[in-house]
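Chemist: Quick one, fold the following:
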Amino acid sequence: MTAAAQHRRKAQRGGCLIKLLVLLVAVAAAGALAWMLYLPIWVTDAIKAQTGCDATVASLSCNPFGGKLTVRGLVISNPTTWPTRDFVELREFVAEGDLWSLWAERLELDSLTIDVRRVTLVRRADGKSNAELLRPPPASGPGGKVSPPAPTETTQSTAGATAPGRKFLIRRMTLRFDRLVIADFTGPTPVYNEHVLSLDQRYENITEARQLAVPEVLRRVAAENLGPTLGRLVPGELGRALGASAREAAAGGAELLKGAGQRANELLQGLREKLEETRKP
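Modeler: Here you go, the predicted structure:
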């Protein structure tokens, strides 16, 4: 083979390699574009399938290899059968860490930021809360059978303890929560109460939902007298924790009043004794 023929053959190989690289880049670009276009649709469809709630999102990006998920402008609406559509309005949701664990038995994230503009908790005429719509569906047992739901506060297992939920670890968490609206349709006239919480709370090493009920959160909840209501409307251990905290706060307040009354009686008794002593000759 002559030198000129060898040169032409190398040039052809180089041209094929360049064409292959261009094709791979084009396929990757098309895949990335499809991922960006269809991922928000897939997420909102998944929310609809799991909860029955409609959802829209302003922007969504996910890099499972870089370990970051960012959702902005997420709005979740109640199903059309509910008396009002208002439910959840999120400014931002950012998760960083092992995103593959979203589908694993144990969720593990390095950081999580949830920025809530407003949540509207609705109590229907039949007493059902829309917060129950976000409860995870029952897990499928052996043979495709659906496992029974986890016991609630009033329905406990034979061991006397509630069944554990999904395990998770969030090493750092930021929760911002502006407004909470309670809409009650159980009476003849709908009642709306809006509460300005203005929470901006930091957490570390969260493994249970009840860890979110830190003193500052409980203080805001108590200031708005929300404990009993949230205990009824919010399912799971967080609702139970808020309800229990409200009961403890009420009991503590009763003890404080009792102690104050006792101290007042002691003071009056002391004053009477001193007056009697001054009257004696």
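Chemist: what about the strands in the stretch 101-250 of the chain?
Modeler: Taking DSSP state E, counting those that start in this stretch, the strands of the stretch 101-250 of the chain run over residues 106-123, 167-184, 191-206.
Chemist: If you count contacts, what does the last one end up packed against?
Modeler: Helices and strands in packing contact with strand 191-206 are listed as strand 167-184, helix 215-223; criterion 3 or more Cβ pairs under 8 Å, 6 or more residues apart in numbering; DSSP states H and E. Just so you know, the C-beta spots here come from the backbone N, C-alpha and C atoms, and that holds for glycine as well.
Chemist: Pick the most deeply packed of the ones you listed.
Modeler: By mean neighbour count, with neighbours taken as mean count of other Cβ atoms under 10 Å, strand 167-184 ranks first of those at a mean of 17.
Chemist: quick check: mean pLDDT across it?
Modeler: Averaged across strand 167-184, the pLDDT comes to 94.
Chemist: Mind listing the strands that strand pairs with, and their directions?
Modeler: strand 106-123 (parallel), strand 191-206 (antiparallel) (DSSP bridges).
Chemist: Deepest-packed of the ones you listed, please.
Modeler: Mean neighbour count (mean count of other Cβ under 10 Å) peaks for strand 106-123 among the strands paired with strand 167-184, with a mean of 18.
Chemist: Tell me the buried residues in stretch 44-58?
Modeler: Within stretch 44-58, the residues that qualify as buried are Thr44, Ile47, Thr51, Cys53, Asp54, Ala55, Val57, counting by 16 or more other Cβ atoms under 10 Å.
Chemist: and that stretch, how far apart are its ends?
Modeler: This stretch, stretch 44-58, spans 11 Å end to end (Cα to Cα, to the nearest Å).
Chemist: Need the residues that contact it.
Modeler: 40, 43, 71-79, 87, 133-134, 136-137 (Cβ atoms under 8 Å, 6 or more residues apart in numbering).
Chemist: Quick check: of the residues you listed, which lies closest to Thr189?
Modeler: For these, the minimum distance to Thr189 (Cβ to Cβ) is 19.4 Å, reached by Asn78.
Chemist: Surely the closest one is in contact with Thr84?
Modeler: Yes. Counting by Cβ atoms under 8 Å, Asn78 does reach Thr84; the two are 6.5 Å apart.
Chemist: And the two? Which one has more around it.
Modeler: Set Asn78 next to Thr84 and count neighbours by other Cβ atoms under 10 Å: Asn78 wins out with 22 against 16.
Chemist: tell me the contacts of the more buried one?
Modeler: So Asn78 contacts Cys53, Thr84, Arg85, Asp86, Phe87, Val122, Asn130, Leu133 (Cβ under 8 Å, 6+ apart).
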